[in-house]
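Trainee: Below: sequence and its predicted model.
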Amino acid sequence: MNSPNSLTIRRPDDWHVHLRDGIIMNAITAHTARYFQRAIIMPNLVPPVTTRASALQYRQRIMETLPADSNFTPLMTCYLTDDTDPQEIQLGFNEGIFTAVKFYPSGATTNSASGVSNVSKISGVLEVMQDLGMPLLVHGEVTDVDIDIFDREKIYIDRVLIPMLSDFPALKVVFEHITTSQAVDYVRSQGTRLGATITAHHLLIERNDMFKGGIRPHMYCLPVAKRHAHRQALLEAATSGDTSFFLGTDSAPHSVVEKESACGCAGIFSAPVAVELYAHAFDQFGSLDKLEAFSSLNGPAFYGLPANKETITLIRKDWVVPLSFQVDGEIEILPFMAGETLKWRVLP
């Protein structure tokens, strides 16, 4: 029974997460699997996941990190390149290996150098995908060096997304980790064919937060946080009940050394506290009653999957986010809002 001090929702899914590989993956996968039942796994490894064989191998490595009684399901994606074979995508989808395809513009973010240089290069893949009803997941930023980093998402809509959706009218697309009011408005204009994930950190921070008291590298992500009006638009969209918007953490761990270097890596590690972060944001916005739809119902509906039957319960309880996590005794990773107090906690 829900009350002002507790909230029970269907077990959520994470529709965008980076688990990395090797010792990092071995250490962090449990954080995602703890409360999320399914997760869309990003394929930007080195080398990237571009074939059915590499996806199956990666999925097996993920499963080997989990306890025997875990019911967590990794949903694999294919990294799209200029040379991706449409038949590989079709076979991967029909065989249940690929749930979706990830479109990184070349150079847009971590390990995206092999991404797509021009949409014209992938028209054959997109034709197959729209016939299959297979979702395309887009990192929605242009990468032109003359474009201000805070305008990359807005310009991507005009230059890439609108023409692509016009040329492929049956293509299902997820506009991932949106950060602007323009993205919110465009998603709303497209009906059920276009969905969007929203991260917890983009609901909680603005671009000024990256510079409070100096440069804050652990708040640097791509796409970068935007100004206050855009965060308000994201909060309104996430809490509106509109089924086009759903949870995707974009949790992306980097070591403290990598984050605090002269050229700090982009990415925010939110997996250990993700559900609590969303509850914190929704509570601040006075919309806890909308958390279940956003976290547990809208995503499965877009992907054509059933909602999870199990539930989790959050209680209103002040607690402090751990300062860091250790990996293999040598690598230190800071979670988002490390050392800060959150108002909600998921019961074990």
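Mentor: Cool, got the structure.

Trainee: My guess is Val321 contacts Leu334. True?
Mentor: No - counting by CB atoms under 8 Å, no contact exists between Val321 and Leu334, whose distance comes to 9.5 Å. For the C-beta atoms, the positions are set from N, CA and C on the backbone; glycine is no exception.

Trainee: So between these two, which is more surrounded?
Mentor: Set side by side, Val321 and Leu334 show more neighbours around Leu334, with 22 against 18, by other CB atoms under 10 Å.

Trainee: Thought Lys259 was touching the more buried one, still the case?
Mentor: Yes - using CB under 8 Å as the test, Leu334 is close enough to Lys259 to be in contact (7.2 Å).

Trainee: Now for the two: what residues contact both?
Mentor: Counting by CB atoms under 8 Å, 6 or more residues apart in numbering, the shared contacts of Leu334 and Lys259 are His218.

Trainee: nearest residue to Val256 other than its sequence neighbours?
Mentor: Glu332 (4.5 Å; CB to CB, 6 or more residues apart in numbering).

Trainee: Check which residues of the strand or helix carrying the one you found are buried.
Mentor: When secondary structure is defined by DSSP states H and E, Glu332 falls within strand 331-333. The neighbour-count criterion (16 or more other CB atoms under 10 Å) identifies Ile331, Ile333 as the buried residues of strand 331-333.

Trainee: How far off centre is that strand?
Mentor: Taking CA atoms, centre = their mean, to the nearest Å, one finds strand 331-333 lying 21 Å from the centre of the chain it belongs to.

Trainee: thinking again about what came up before, show me what the residue nearest to Val256 bridges to in the sheet.
Mentor: Here Glu332 sits in beta bridges with Gln326, going by DSSP bridges.

Trainee: residues contacting it?
Mentor: So, once contact is read as CB under 8 Å, 6+ apart, Glu332 ends up touching Ser255, Val256, Val257, Ser324, Phe325, Gln326.

Trainee: Spit out the contact partners of the third one.
Mentor: Contacts for Val257 were tallied using CB under 8 Å, 6+ apart; they are Ile331, Glu332.
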